[in-house]
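**Student:** Provide a 3D model corresponding to the input given below.
(4 chains, ligands or ions: 6)
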Amino acid sequence: MSTTAPVQFTPKDYKSDLAPIWCPGCGDFGVLSALFKALSACGVDPTKMVIVSGIGCSSRLPGFVATYGFHSVHGRVLPIATGLKAARPDLTVIGVGGDGDGYSIGGGHLPHAARRNPDITYLVMNNNTYGLTKGQVSPTSILPLVSSGQKMDPKRWKTTPYGTTEDSIDPIAQAIAWDISFVARGFSYKPNQLADIFAQAIRHKGFSLVDTFSPCPTFNQEQTEDFYKSRTFDVPETHDPTDRSAAFALSINRDSYPLGVIYKHDDKPNIIDEQAHLRARFDDQGSLKELLARFAAK
Amino acid sequence: MSTTAPVQFTPKDYKSDLAPIWCPGCGDFGVLSALFKALSACGVDPTKMVIVSGIGCSSRLPGFVATYGFHSVHGRVLPIATGLKAARPDLTVIGVGGDGDGYSIGGGHLPHAARRNPDITYLVMNNNTYGLTKGQVSPTSILPLVSSGQKMDPKRWKTTPYGTTEDSIDPIAQAIAWDISFVARGFSYKPNQLADIFAQAIRHKGFSLVDTFSPCPTFNQEQTEDFYKSRTFDVPETHDPTDRSAAFALSINRDSYPLGVIYKHDDKPNIIDEQAHLRARFDDQGSLKELLARFAAK
Amino acid sequence: MPQKKPTARPTDVVLRIVGESGEGTVTLGDVLVELFTGLGLDIYTFQTFPAEIKGGTVMYQLRTKSGVTLSPGDVSDVLVALNNQGFGLFGDNLRSGGILLYNSDAFSPPVDSTRTDYALPITTLARAEKDKVRHEVSGEQLKRLPAPVNTVGLGALLRLVNAPLEPAEEYLGRVFARKGEAIVRMNISALHTGATCVAEQIGDRETPHVGARPDHRDRIMVTGNQMLCMGAIAAGLKFFGGYPITPASEIMEFLAKELPAFGGNVIQAEDEIAALGMCLGASFGGVPSMTATSGPGLSLMVEQINLAGQAEIPVVIVDVQRGGASTGLPTKTSQGDLNLAVYGVHNESPRIVLAASSVGDVFWTAVEAVNLAEAYQCPVILLSEQALATRRSTVPPPAIERVTVTERLKPAEADLGPDFKRYLDTPSGVSPMAVPGIPGGMYTTTGIEHNEFGDPTYTPDTATKARNKRFRKMDTLLAERGHEFVRTWGDAGRVELGVIAFGATEGVVREATERLRYAGHLVAHLHLRLIRPLPVAPINEFAVRCKRLLVVELNYSGQLAGWLRVNTDMTFEAFHRDDGRPFSSHDIEDEMLRILSD
Amino acid sequence: MPQKKPTARPTDVVLRIVGESGEGTVTLGDVLVELFTGLGLDIYTFQTFPAEIKGGTVMYQLRTKSGVTLSPGDVSDVLVALNNQGFGLFGDNLRSGGILLYNSDAFSPPVDSTRTDYALPITTLARAEKDKVRHEVSGEQLKRLPAPVNTVGLGALLRLVNAPLEPAEEYLGRVFARKGEAIVRMNISALHTGATCVAEQIGDRETPHVGARPDHRDRIMVTGNQMLCMGAIAAGLKFFGGYPITPASEIMEFLAKELPAFGGNVIQAEDEIAALGMCLGASFGGVPSMTATSGPGLSLMVEQINLAGQAEIPVVIVDVQRGGASTGLPTKTSQGDLNLAVYGVHNESPRIVLAASSVGDVFWTAVEAVNLAEAYQCPVILLSEQALATRRSTVPPPAIERVTVTERLKPAEADLGPDFKRYLDTPSGVSPMAVPGIPGGMYTTTGIEHNEFGDPTYTPDTATKARNKRFRKMDTLLAERGHEFVRTWGDAGRVELGVIAFGATEGVVREATERLRYAGHLVAHLHLRLIRPLPVAPINEFAVRCKRLLVVELNYSGQLAGWLRVNTDMTFEAFHRDDGRPFSSHDIEDEMLRILSD
Ligand SMILES: Cc1ncc(C[n+]2csc(CCOP(=O)(O)OP(=O)(O)O)c2C)c(N)n1
Ligand SMILES: Cc1ncc(C[n+]2csc(CCOP(=O)(O)OP(=O)(O)O)c2C)c(N)n1
Ligand code: SF4
Ligand code: SF4
Ligand SMILES: [Mg+2]
Ligand SMILES: [Mg+2]
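**Tutor:** Ligands and ions are numbered 1, 2, ... in the order given. Predicted structure coming up:
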């Protein structure tokens, strides 16, 4: 299913032979082509890269890219990507998946990726629902719960037939609380901005999270392209993305959501580098014989 | 092991026959007695209450209280407490456990408790290490990583013999990002303040999190009572706990940690109440016969 | 219950529709199910689902029969092929002498004299019908108005199987009412156009008759998942925590809608671990609790199932089995989770494993599951299967007046007090369980080994006594009720061959057994409803009257066969397969014949 | 390897120390281990751990023998009781005629003529020693200076078993050097005081001799967990992801320290699910990976073990088994996780299950585990046990020059390119595996059923072929190497009784077998190193020469017995127990005798 890529990488070179199984109009198409563009812009060698995903419509993405891919189980993108990067710091490692995969079943892994800060780019295709299982509520659903101070009629999902009463979590606010070193939001109907954000995220040294609104016209029909357009705004030029409190304040407004790079900084230790230092310190001088000798009965 | 309590509840009435198995000097003793005081202050009937815990030194607490207790498995305090409260809204439900239990293996459940906002009080005994397994690094360890802008020498733990290179998570900042409706921090060597915070948390309608510094003199010997004393300050009188951005800003300073109620508000829907409304709406009128009739072949 | 020898082979009609997903194939099937049910017929359906979210080829098989229907039928009498790809992929099971109705606008099937072909230019006819009402609707409506392709197909098909058109007319009138009179008219006209087109080709050939049973209209049309929910409600379910997963999600969706009216709660959890945790919390609070999942979720629940066994907390875990290991074949059926259900625990704690065998049966299995969990204070795993869970079938409504609800053993007033023993060592192994709120019943439950009070204790003696007490409950269950958990069919005395099976193979094994008896063989069938603890006594009683034994199951290595080897001394042959397809009754019949004739 | 009939019972000494945890009991034991090892003796230890974090009663048993030591010994020759509670709880295994050394400052044991008692006023003597140096140290130091209670005990004990005091003097000099000369002097004096106190009571009675073997000093003193780590390192381990859990944490702690020097990484994960996930990622990247846990963690790993089996990702999962279901008996030993290791998967995917039998053996089992994972591209579960994992033993250093490292099958240049088949269907079932970075080797691995390219495919044919290919690897393993994974001892020809066992029961079964052979019985012992796939051929070869068979294991229901029933036709008796205590060799001997004599 994969193709060998030439030395110059155009966006097309990243396209695999497998046709996406997504529904017509699915936002994930936009994410895929923005990713192609970003990879090309960053000159990532497709033979030296891996895309790791969980389970969901969005998690089928790796198969559509002509590179190495790891389509795993539901919610385990980050541990797998972290182990891979630790073992192979030479590779470009990209994690992808859905909002259910990343913030519900896999949500417990995020703060720890933040702590370790490996050089991994994590792209969440956030359609505010569970697509593959056909339309249940997700932790980011009911967006927005409150509109201009007015409580909106709660949305009904297959598992909340009388209206959802649970609040949604804000992936950006929590990312800032965990001090993830690159935090951005994109929208799959703003392809150029999205490709640019992806490219910045890939270039960022450390863990980066890009939450992308990626509409699901099949199971979340109300939340169309227009719905998201009217509820998002570009991060203002004046915003200083290294100011953590300002980034937090920018993200917690529930009327409208910022698009762009919201928070980032470069001064956080990175577990991959630290481990490399450690190995370098020992300079591969491990000797099993000496190790055993340390246990010699005296 | 349990005793029936008289009608008036003094702190002593909550003490069970089982002697705590904690080491001499363990901070958890302070948490236990503050809890006794708070329960007494709130007049909680021990026969109408349940303490749910995970696994760890701290998670042995339920057995030391003369009430109903559920000492479960590692990390599952919140799902169990949520199901219990949903089934039995009449009970006072308190969750307890350690920092490993609550923020590492169980960390994925916290944002969802925040979303659901059940009327549960969750007390984390944070000793910045894994006590029961004898001193490994925890997600809140290396506190503080940075002191007055200076990077400190990373602390070594059993599993990080060359110094910990992972950042710690801040339980308070993440709680504010998730909009947990009552967020506080206590210290087991400030017993009166702690009992007062616990009492406020128990009285708070909705999900409350109290992270308590509770030193482990056996496996985290550097972080003594004095260590925490010198790195904490009382939340200033001027702080408005309903101001989310201010609460966040207050919490992210890594030189010193605020003690007291940091964030709280009362206007968040509560899944337990919402479900009660739903049941009330149907007024127990469910009829299996009618339900079956809806499927009658036409 | 061995039955009298059948005297005649019952007549029935198997229809199979193949086409593009999302293009009406499934809708057409669903409408037929509704119409046939309205005629008093019994229905048994079987669908395949494409891997794609939208699009892909689907197959909808529908067997209609005047009487109990045990399987979707091995071969079809009528094949409706809406496109060539569907014909290629799923067209292979038409019986010799069967009928092919094909969309002649889409393709021409190769000539084959073993079948009779009917060409239906379905798109052309539908467009013409749309054209007829062109001037009666607004331009905007016209643009969005699909040509009545399905309705043309429906008319043709009904005519082919000699079904009346009136119920269909009524149905179309009802469904299209809110779209306006013109649209209704268009559809009714399309119905007749389809019928006429076929009628012209039939001439005086004989085509199948679906018949009707006006006396037989008390049926319900349900899926296995729906029946399971209703069974659980009947037994008093009050809490459900779940996480979506194919093919179990419908259970949570159904209960989210219905349970509140029965005083219960449903919470969609953040994962399966939280789902089961919520159930344990609710159950500790005193209410019957349940979760439902499929293989990947069951895997994640292993740790807490063990806690429930060790701490003696009643809970029901439904596992709707699907195909394949890991993500595997998520839309296909299998009986591959028996091992995990039976053995999925570190060290050992007691549990009960039940298996449901049909859309009708799963109601009663759910009733048992809730009751057994409450009675024996332990986790109960209910094994369901994709094949019965998502299939719509007509079944007689369950006799809900026969449902009995078992309550947990409560402590007597005298047991309560400072010395209340939550884990009292009783002859049955079942201890009175206090629930929060009862003064004098306070205790702390724990997964650590504990004494009768629940206090952590590590001495060898306590550990042995406590474990024996817990496992004694399983002996009690077998002694009290073991015989109720097997069903037998076929010849009552000594037989040449006995088949042992569990789960959704019940129908095909019964059909195969019946056919072989009809052909003069002495054969019998034992169907297991309880897998763990295994009802060894009735199995042995069955085994002694069988000259040879065959264990049939839909999984790779023969998991039930293995479990029988662990627990009994029987010798038997094992027949198993696991490639996503359910067994046909001929698969079973062939295997039985192979043994009978060797 | 059947051996010659033993001609004499080797002599050895079993010491047991009981007292308060945290009050030197364990330190005393550890010092003795070090001193005896220094004398060239072999050591086998066994400890109990209290439930309390600090405090509680502990027992430290130490067997020292001039030659291979297979078990901690059933009865002790010398009991050292530091307090009354310890004497009550653990004082019961002193052999008739044995010696009791007790702390006469703490309690007086009831008179018992079957033993010889020595009273040691340990606190009084120690205080007096401290008083002697009172004026030589600063007031501050004096306040924090403990009286040399342990040293008094050490001196007494060494004298009792006729061990030289010089190595102890040297040891004390080394350990207390940085505390100053006065403290060293105090301790050496205390040593002699203890020795003298006992010497006066001995008079001319005979007491045990531990002896010495100056020729025999090439031993290492290690725990099973440490040996396991070194085996894994020897086989090329490069990544470890883990989460703390008793009794497996030491593995992660050891590797965190040592692996970086061997070019590897260790990450402490947020839970066991993440730990295994990290290993799968690292292994996909091409490096040998491992995690280690105990029962509760293994439960949480079930889903991803299945993914590794289905997607064919090499990985080693160490399960250090502990006692009890759920949290159970976390500091005790058990062999209760065999079922979960063997069957813990929804539907079915291949895996290998190995079991380590001793501190020495676990090195080689770890080497095999890493090699087999890489060779057969599947998960390997290595079953260890608390009893061998945390025990310090003297063992000969492993012959590391005999370690061979197996590498994954790499694609040949010709296989690479756009049509690279990651899951090529080969005769052995093993397919060449590309790792990221290789141009032309690109593929997406997936847990969904897939064709040879790795593309998701759902047809029955592909599903069958793909699964057969995966399971074929297990047949290949048995065909290539099955015979290497059993060990036999005892009589070589036809025997009256053959014992089949696995894991850490090896030592006691060997001892029991040897004793019975010495007593004239024809008996043999087969020990399984590979549990899944089960090496049926060598088991059958063993079984045919045994008149009767006994399966021995340390778990509740006889899990190995069940697994043997599933896979073989043997008839055997089963002996199993699971209450936290390891078997003694007499437990096994008694059971064997029961069968031999009935
Ligand atoms: C352990 C486990 N639980 C549940 C499932 C079922 N499942 C598959 S995808 C999915 C969620 C899909 O939602 P999301 O992650 O948002 O992806 P999307 O399909 O919306 O892109 C679920 C619950 C599973 N495969 N594995
Ligand atoms: C699934 C599982 N993994 C690991 C363990 C081992 N374990 C027991 S307690 C604990 C962590 C203890 O740390 P914490 O939660 O902070 O509690 P503390 O002992 O410090 O109070 C661990 C890892 C376990 N019991 N279960
Ligand atoms: S169901 Fe939704 S998310 Fe999935 S492919 Fe279709 S549109 Fe996309
Ligand atoms: S180990 Fe630490 S946390 Fe545990 S009881 Fe002792 S002092 Fe407390
Ligand atoms: Mg989604
Ligand atoms: Mg802790």
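**Student:** in which helix or strand does C:Asp579 reside?
**Tutor:** Secondary structure assigned from DSSP states H and E places C:Asp579 in neither a helix nor a strand.
**Student:** the residue of the stretch 151-298 of chain A found nearest ligand 1: which element?
**Tutor:** Going by C-beta to the nearest ligand atom, ligand 1 is nearest to A:Cys216 of the stretch 151-298 of chain A, at 6.1 Å. (Glycine included, C-beta is placed from N, CA and C.) Assigned by DSSP H and E, A:Cys216 belongs to no helix or strand.
**Student:** dump the residue contacts of it.
**Tutor:** Taking C-beta atoms under 8 Å, 6 or more residues apart in numbering or on different chains, we find A:Cys216 in contact with A:23, A:26-27, A:57, A:127-129, A:131, A:223.
**Student:** which among those end up buried?
**Tutor:** A:23, A:26-27, A:57, A:127-129, A:131, A:223 (16 or more other C-beta atoms under 10 Å in any protein chain shown).
**Student:** quick one: least confident of these?
**Tutor:** pLDDT across these is at its lowest for A:Gln223, which sits at 88.
**Student:** unless I'm mixing things up, that one is touching A:Asn128, no?
**Tutor:** Yes - assessed by C-beta atoms under 8 Å, A:Gln223 is found in contact with A:Asn128 at 6.0 Å.
**Student:** show me where the stretch 351-500 of chain C has its helices.
**Tutor:** C:361-376, C:386-389, C:460-481 (DSSP state H, counting those that start in this stretch).
**Student:** nearest to C:Asn540, of those helices?
**Tutor:** helix C:460-481 (12.3 Å; C-beta to C-beta).
**Student:** assign A:His35 to helix, strand or coil.
**Tutor:** Slight slip there: residue A:35 is Leu, not His. The local conformation at A:Leu35, judged by DSSP: H, G, I helix; E, B strand; the rest coil, is helix.
**Student:** what's the pLDDT at residue 246?
**Tutor:** Since you didn't name a chain, this refers to chain A. A:Ala246 is given a pLDDT of 96.
**Student:** not quite, I wanted chain C
**Tutor:** Reported pLDDT for C:Thr246: 95.
**Student:** how much space between it and C:Ala128?
**Tutor:** 40 Å (C-beta to C-beta, to the nearest Å).
**Student:** who has more neighbours, those two?
**Tutor:** Shown here are C:Thr246 and C:Ala128; by other C-beta atoms under 10 Å in any protein chain shown, C:Thr246 has more neighbours (18 against 15).
**Student:** do I have it right that the more buried one meets A:His74?
**Tutor:** No - using C-beta under 8 Å, C:Thr246 is not in contact with A:His74; the gap is 11.6 Å.
**Student:** close to chain A: what parts of chain C are there?
**Tutor:** Chain C comes close to chain A at residues C:51-55, C:242-246, C:249, C:252-253, C:256-257, C:260, C:266, C:268, C:270-272, C:296, C:326-327, as judged by C-beta under 8 Å from any C-beta of the partner chain.
**Student:** for burial, what's the neighbour tally of residue 265?
**Tutor:** Reading this off chain A. Neighbour tally, A:His265, other C-beta under 10 Å: 17.
**Student:** you answered for a different chain; I wanted chain C.
**Tutor:** So C:Asn265, with other C-beta under 10 Å, has 27 neighbours.
**Student:** and if you look at A:Asp266?
**Tutor:** For A:Asp266, using other C-beta under 10 Å, the count is 11.
**Student:** pLDDT score assigned to the spatially most central residue of chain C?
**Tutor:** The centroid of chain C falls nearest to C:Leu388 when counting by C-alpha atoms, centre = their mean (1.9 Å). Model confidence at C:Leu388, given as pLDDT, is 95.
**Student:** possible to save the contacts of A:Cys216 as CSV with distance to A:Ala280 and secondary structure?
**Tutor:** Formatted as CSV, the contacts of A:Cys216 follow (distance: C-beta to C-beta, whole Å; DSSP: H, G, I helix; E, B strand; the rest coil):
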residue, distance to A:Ala280, secondary structure
A:Cys23, 49, coil
A:Cys26, 45, coil
A:Gly27, 43, coil
A:Cys57, 42, coil
A:Asn127, 43, coil
A:Asn128, 45, coil
A:Thr129, 46, strand
A:Gly131, 44, coil
A:Gln223, 49, coil
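**Student:** pretty sure the residue nearest to the centre of chain C is touching C:Phe363, no?
**Tutor:** No - assessed by C-beta under 8 Å, C:Leu388 is found out of contact with C:Phe363, at 11.3 Å.
**Student:** coming back round to it: any idea how far ligand 4 is from the residue of the stretch 151-298 of chain A closest to ligand 1?
**Tutor:** The gap separating A:Cys216 from ligand 4 is 47 Å, by C-beta to the nearest ligand atom, to the nearest Å.
**Student:** now do C:Asp131
**Tutor:** Using C-beta to the nearest ligand atom, C:Asp131 is found at 81 Å from ligand 4.
**Student:** ok but that residue is inside a helix, no?
**Tutor:** Yes - C:Asp131: assigned to a helix according to three-state DSSP.
**Student:** neighbours of it, how many?
**Tutor:** 11.
**Student:** tell me which residues touch the spatially most central residue of chain A, please.
**Tutor:** By C-alpha atoms, centre = their mean, chain A has its centre lying nearest to A:Leu123, at 2.2 Å. Shown in contact with A:Leu123 (C-beta under 8 Å, 6+ apart): A:31, A:35, A:94-97, A:198, A:201, A:210, A:212.
**Student:** so of the residues you listed, which ones are in helices?
**Tutor:** A:31, A:35, A:198, A:201 (DSSP state H).
**Student:** tell me how far the residue of chain C found nearest ligand 5 lies from A:Cys57.
**Tutor:** The nearest approach of chain C to ligand 5 comes at C:Pro244, 10.9 Å away (C-beta to the ion). Remark: distance between C:Pro244 and A:Cys57 (C-beta to C-beta) = 13 Å.
**Student:** over to A:Leu209?
**Tutor:** Distance, A:Leu209 to A:Cys57, by C-beta to C-beta: 20 Å.
**Student:** show me where the stretch 401-550 of chain C has strands.
**Tutor:** C:444-446, C:486-490, C:495-502, C:523-528, C:530-532, C:546-553 (DSSP state E, counting those that start in this stretch).
**Student:** can you lay out these as a markdown table showing mean neighbour count, distance to C:Asn540 and mean pLDDT?
**Tutor:** Putting the strands of the stretch 401-550 of chain C into a markdown table (neighbours: other C-beta atoms under 10 Å in any protein chain shown; distance: least, C-beta to C-beta, whole Å; pLDDT from 0 to 100) gives the following:
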| stretch | mean neighbour count | distance to C:Asn540 | mean pLDDT |
| --- | --- | --- | --- |
| strand C:444-446 | 27 | 37 | 98 |
| strand C:486-490 | 19 | 11 | 97 |
| strand C:495-502 | 25 | 11 | 98 |
| strand C:523-528 | 25 | 11 | 98 |
| strand C:530-532 | 22 | 15 | 98 |
| strand C:546-553 | 22 | 11 | 98 |
